[in-house]
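> give me coordinates for this.
(one chain, ligands or ions: 2)
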Amino acid sequence: LTVPSRIATAFTMDPSIQKHFTVVDYVIFAVLLAASMGIGLYYALSGGRQRTTQEFLMADRSMRCLPVSLSLIASFQSAVAIIGVPAEIYTHGTQYWFIGCAYVLGLLIPAHVFIPVLYRLRLSSAYQYLELRFSKAVRICGTLTFIFQMVIYMGVCVYTPAFALNAVTGFELWGAVLATGLVCTVYTTMGGLKAVIWTDVFQTIVMFAGQLAVIVVGVHQTGGVSEVWRKVWEGNRISALDLNPDPTERHTFWTLAVGGVFLMLSLYGVNQAQVQRYLSARTEKEAVRSCYMVFPSLQLALALSCVMGLVMFARYCGEDPSDNIFLYIYPQMVIYFVMDMLQGLPGLPGLFVACLFSAALSTISSAFNSLATVTMEDLIKPHFPAMSEARATLLSKVLAMSYGLVCLAMAYLTHLMGDSVLQVALKIFGMVGGPILGLFCLGMFFPWANSVGAVTGLGTGLSVSFWIGIGSIISHSSGTKPLPPDCSSSFLSGNTTTVTQLSALSNVTLSFYSLSYMWYSAFNCFTVIVIGLIISFLTGPMKEQDVTPGTIYPLLGTLFGFLPARLKKKLCCVTPLGQTVFVIKVFHLEQHLHQPDKIFIAPFTISHKIITYVCKTNDILITLTCTLACW
Ligand SMILES: CC(C)(CO)[C@@H](O)C(=O)NCCC(=O)O
Ligand code: NA
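Ligands and ions are numbered 1, 2, ... in the order given. Here you go, the predicted model:
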């Protein structure tokens, strides 16, 4: 897709907008960066002063639910959503809003399935789970896949706001990229997870404030709420529930509300950035509660960006300030409209810029910290079990900083990729996050799955996902034509549904390339599970007694609760999720036992960091007492 140069110049050269980006606005942007640095500095100098990995990476497992929940929504709500969602609503109507339906199951399942399993295992990294359940190899494959996903995503996140702003206002492009990347690296490296979570809280509030300001000004300029409503209604932007079952249709109720659940699970269920926040909560209850509290905030974030798209449409329909034929393809459009609306209102353009960069900062800081955590816990620590705490913390800081620099390099590599940035981000989540979700589901819900099955499943899932994902980018087939931007023409939406349904029926050979990207997570998750199970059964399924207790969620047992007990046991082989199952690593045991690989403890007593427990390894039962160094 080539950008028509006259559009690019129309955006860049508009002097009326550049002129109104004043010193006040630059100052507000600088204040945002300074405040974030301040929070980083505070956590570098207070509490335990970031001298242990427990504090630096896990926030001492002491967080309460409110900051955790605001931080959870900040992780995957970046400038991509702030710019991309209004552009989507402006061009295609409100269909995308139905993704809000996916938030129900997309948060209930993490709260009641993933959090209990992961929290009770007392992990530091989500991928530790994969080793407990399968093997070291699976853990490393999972970790590398996650690193790949976050590194690409990070590039898109930091580049998008800088690029869009630069195109419209002449805001220094690489200056903005460098400022966000470096500031974020510094406060993440200084203040650890506590700083990341508390800056997220502050930045989320700035993000909401900026969007709200644009909406209020936009509604005012359009002539009130009823006028906005009349224009978007006449412009046919209020979409009816689209129940078209065609899986190649980009956004329908099914792709958004059902496919979206899997997207949400891959982000809120198993993504390290989020799991780390759950694990940093002081109790399991607090973690579950924070997940519940994400629901209203995420609905608010979605509503704000959808309403912003509608207000923009009402304000500009039929009178776009520049050539409107190509305008609706580009994310710069949103910035252009916002800057046009806010000009002459000192400080507000700056607030919106702060909103964009808050969204970006809170996402990349989560990425840096989670990447440092997995690199440390999954790739480095297992090879150096005797590493001192001071050295491990220093190394974690170096890692957080290195990923900051990687992020800048990725921003260089991210060029505007034809499609909208929102689609690019959601495609990355589906293509790489989907197979990871599949790997966790395979482990948690299917006790028969073995390590060979898991690795093969993940490999196949990633290959298929890249085949479809890259195929769709090359053939450019996933996408529908936007509605015409002209608000005066009205459409009869009743007729269009029957037409598309007919074409779906006649299209017998369904092209894989045109699968809606909203199905990527679900499809790739299922590929991994199906291939994983087939290979596991071929190579000898896992036996119940070999599975580490506490790593299985009795999903099948719950789903088939109506079956007679004997049959159920055979089908599901469930180890109930116990409150008292812990997995520990005790180094002094190596003198007594040859393979202390999977040691687990059954009924135990704990008093003052000394635990007495019954330990079972290689079918030998021993009673032991030990002192816990860190808990
Ligand atoms: C992750 C969802 C879908 C949750 O609503 C949303 O935040 C979104 O569309 N995010 C796009 C990616 C981004 O903002 O970076
Ligand atoms: Na964010």
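
> burial measure for Trp549, as a count.
Heads up, residue 549 is Pro, not Trp. By other C-beta atoms under 10 Å, the residues close to Pro549 number 22. The way it works is simple: take the backbone N, C-alpha and C, and place the C-beta from them, glycine included.

> and it, helix, strand or coil?
Put simply, Pro549 is coil when judged by DSSP: H, G, I helix; E, B strand; the rest coil.

> residues of the stretch 401-550 of the chain that sit close to ligand 1?
When proximity is defined as C-beta under 6 Å from any ligand atom, the stretch 401-550 of the chain approaches ligand 1 at Leu422, Ala425.

> what residue ranges in the stretch 301-450 of the chain score low on pLDDT?
318-331, 415-420 (pLDDT under 70).

> all helices of it, in order?
Under the criterion DSSP state H, counting those that start in this stretch, the stretch 301-450 of the chain contains helices at 324-327, 332-342, 348-374, 389-413, 421-428, 434-445.

> out of the ones you listed, the one nearest Gly210 is which?
Among these, helix 348-374 comes nearest to Gly210, with 2.3 Å by C-beta to C-beta.

> right, is the closest one up against ligand 2?
Yes - Helix 348-374 comes into contact with ligand 2 (C-beta under 5 Å from the ion), by way of Ala359, Ser362, Thr363.

> among those, which ones lie close to ligand 1?
Within the residues of helix 348-374 next to ligand 2, those near ligand 1 by C-beta under 6 Å from any ligand atom are Thr363.

> contacts only, for Asp242.
Gln95, Glu249, His251, Thr252, Phe253, Thr497 (C-beta atoms under 8 Å, 6 or more residues apart in numbering).

> please pick the buried ones from the residues you listed.
Gln95, Glu249, His251, Thr252, Phe253 (16 or more other C-beta atoms under 10 Å).

> returning to that earlier point: next, format the residues of helix 348-374 next to ligand 2 as JSON lines and append distance to Asn244 and neighbour count.
Listed next are those as JSON lines, based on distance: C-beta to C-beta, whole Å; neighbours: other C-beta atoms under 10 Å:
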{"residue": "Ala359", "distance to Asn244": "32", "neighbour count": "27"}
{"residue": "Ser362", "distance to Asn244": "36", "neighbour count": "31"}
{"residue": "Thr363", "distance to Asn244": "32", "neighbour count": "29"}
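
> biggest separation within the contacts of Asp242, which pair?
His251 and Thr497 (13.6 Å).

> close to ligand 2, is the lengthiest helix in the chain?
For the chain, the helix with the greatest residue count under DSSP state H is helix 173-222. No - residues of helix 173-222 contacting ligand 2 under C-beta under 5 Å from the ion: none, with a closest distance of 6.9 Å.

> what's downstream of that helix, the next helix or strand?
helix 225-234 (DSSP states H and E).

> in that next one, which residues are buried?
Result for helix 225-234 [16+ other C-beta under 10 Å]: buried residues Val228, Lys231, Val232.

> can I get that helix in PDB? Just the C-alpha atoms.
The C-alpha atoms that make up helix 225-234 are tabulated as PDB, following Å, rounded to 0.1, in the frame of the first residue of the first chain:
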ATOM      1  CA  VAL A 225     -25.100  15.500  22.600                       C
ATOM      2  CA  SER A 226     -28.300  15.400  20.600                       C
ATOM      3  CA  GLU A 227     -26.700  16.900  17.600                       C
ATOM      4  CA  VAL A 228     -23.800  14.400  17.800                       C
ATOM      5  CA  TRP A 229     -26.300  11.600  18.100                       C
ATOM      6  CA  ARG A 230     -28.300  12.900  15.100                       C
ATOM      7  CA  LYS A 231     -25.300  13.100  12.900                       C
ATOM      8  CA  VAL A 232     -23.800   9.700  13.700                       C
ATOM      9  CA  TRP A 233     -27.300   8.100  13.300                       C
ATOM     10  CA  GLU A 234     -27.800   9.700   9.900                       C
END
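
> identify the residues contacting the helix or strand just after it?
Downstream of helix 225-234, the first helix or strand assigned by DSSP H and E is helix 253. If you take C-beta under 8 Å, 6+ apart as the criterion, helix 253 is touched by Phe98, Cys101, Leu241, Asp242, Leu243.

> just the buried members of those?
In the contacts of helix 253, the ones that pass as buried (16+ other C-beta under 10 Å) are Phe98, Cys101, Asp242.

> show me what contacts Leu348?
Leu348 neighbours (C-beta under 8 Å, 6+ apart): Ala213, Val217, Leu342.

> TSV for these, including neighbour count and distance to Val275?
Listed next are the contacts of Leu348 as TSV, based on neighbours: other C-beta atoms under 10 Å; distance: C-beta to C-beta, whole Å:
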residue	neighbour count	distance to Val275
Ala213	20	34
Val217	18	39
Leu342	25	38
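
> closest to ligand 2 out of those?
Among the contacts of Leu348, Ala213 lies closest to ligand 2 (C-beta to the ion), at 18.0 Å.

> so that closest one makes contact with Gly350?
No - with contact defined as C-beta atoms under 8 Å, Ala213 does not reach Gly350; the gap is 10.4 Å.

> okay, now Gly170: neighbour count?
The number of residues near Gly170, taken as other C-beta under 10 Å, comes to 17.

> circling back to that earlier point, what's the closest of the contacts of Leu348 to ligand 1?
Using C-beta to the nearest ligand atom, Ala213 comes nearest to ligand 1 of these, at 19.3 Å.

> picking that back up, export the buried ones among the contacts of helix 253 as JSON lines, with columns for distance to Phe466 and pLDDT.
Output for the buried ones among the contacts of helix 253, formatted as JSON lines (distance: C-beta to C-beta, whole Å; pLDDT from 0 to 100):
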{"residue": "Phe98", "distance to Phe466": "28", "pLDDT": "95"}
{"residue": "Cys101", "distance to Phe466": "29", "pLDDT": "96"}
{"residue": "Asp242", "distance to Phe466": "29", "pLDDT": "86"}
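
> adding distance to ligand 1, write those residues out as JSON lines.
Listed next are those as JSON lines, based on distance: C-beta to the nearest ligand atom, whole Å:
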{"residue": "Phe98", "distance to ligand 1": "12"}
{"residue": "Cys101", "distance to ligand 1": "11"}
{"residue": "Asp242", "distance to ligand 1": "18"}
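
> check these one by one and keep those near ligand 2.
Of the buried ones among the contacts of helix 253, not one also sits near ligand 2 (C-beta under 5 Å from the ion).
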